[in-house]
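Engineer: Give me the fold of what follows.
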Amino acid sequence: MRSFLLGVSAFVLMTVGVQAAQINLAVTLDGDIDVKANGASDIGVITDGYFPEEAAWDGGDSDPEPDRWNGVNNVAFSGNLATNRDIFYFDFGSTYVLNDVRLAVDNNDQYDVEYFTGTGWNPLFTILSSYGSASPSMDNFSTILGDDIRNDGRIDYDSRIDFLAVETSMLRLYAYNTTWDTNYSIGEFQAFGTLVEGSGPEPVPEPSTILLLGSGLAGLAWYGRKRRKE
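Structural biologist: Take a look at the predicted model:
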């Protein structure tokens with residue numbers, strides 16, 4: 001009975017490993033970014049794994065902090081009217097059941113995220129200018145319960161953007177604001193989900209997931225040796 005339970009535990013760990021996988025995103029831009037402040041932004045920084053420091057403001061618009069609007073750790077832009085939006089696309093390369101996202105954006109604007117249905121786009125969630133916990137400047141958001149992205153004591157989970165899992169191969173994000181300034185910044189975007197069988201290569205589990213799986217397998221090996229000695 002104990003060996004059966006250990007086998008089930010290992011299977012659960014393996015299942016969690018797949019579900020917790022971060023999806024490898026290919027980011028593209030539809031539009032011409034009107035860059036704010038210090039030069040051109042590289043859209044690749046949106047998926048480089050770095051989440052900006054929240055609420056860093058020192059320096060002013062002409063000499064911004066690296067984590068705010070200077071295009072070093074973010075993509076910073078302005079304008080973006082409803083009739084002429086810069087749209088960022090995040091291609092999964094395969095079809096996934098999308099469970100969670102993390103992202104970092106300038107805190108006082110609206111950001112809309114939509115998912116591709118195969119034939120069109122549906123709303124996934126909207127970050128309103130009133131959301132978040134950091135003011136002013138950059139703010140991190142997560143749909144993972146209890147998530148503290150930077151391990152700085154700030155809980156980044158926001159129930160207002162949490163969503164039911166959807167099956168998709170692509171997301172898109174655009175900014176919009178009618179009540180405040182028209183200066184925007186995107187610091188990071190991450191997606192987590194389960195690969196739909198037969199649609200592409202398996203995702204790579206996060207390090208914490210690998211550690212859990214390794215612990216489970218080590219426990220099975222220890223139990224096997226103990227039984228042989230008995």
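Engineer: hey, let's count contacts and neighbours off CA atoms from now on
Structural biologist: Fine.
Engineer: where do the strands sit along this structure?
Structural biologist: Counting by DSSP state E, the segments of the chain that form strands are 26-30, 34-35, 75-78, 87-106, 110-116, 121-127, 138-142, 166-176, 183-195.
Engineer: With mean neighbour count, distance to Gly44 and mean pLDDT added, can I get those strands in CSV?
Structural biologist: Conversion of the strands of the chain to CSV gives the following (neighbours: other CA atoms under 10 Å; distance: least, CA to CA, whole Å; pLDDT from 0 to 100):
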stretch, mean neighbour count, distance to Gly44, mean pLDDT
strand 26-30, 14, 7, 91
strand 34-35, 18, 15, 54
strand 75-78, 24, 9, 80
strand 87-106, 21, 11, 96
strand 110-116, 19, 18, 95
strand 121-127, 16, 22, 97
strand 138-142, 27, 18, 93
strand 166-176, 21, 15, 94
strand 183-195, 25, 9, 93
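Engineer: So which of those is nearest Thr47?
Structural biologist: Closest approach to Thr47 among the strands of the chain (CA to CA): strand 183-195, 5.7 Å.
Engineer: Ser185 contacts Val72, doesn't it?
Structural biologist: No - the pair Ser185 / Val72 is not scored as a contact, 11.2 Å apart, by CA atoms under 8 Å.
Engineer: Next, the contact list for Arg150, please.
Structural biologist: With contact taken as CA atoms under 8 Å, 6 or more residues apart in numbering, Arg150 is in contact with Phe51.
Engineer: Quick check: it vs Ser94, distance?
Structural biologist: Arg150 sits at a distance of 29 Å from Ser94 (criterion: CA to CA, to the nearest Å).
Engineer: how much space between Asp109 and Asn151?
Structural biologist: Noted for Asp109: a distance of 25 Å to Asn151, by CA to CA.
Engineer: More neighbours: the two, which one.
Structural biologist: Set side by side, Asp109 and Asn151 show more neighbours around Asp109, with 22 against 9, by other CA atoms under 10 Å.
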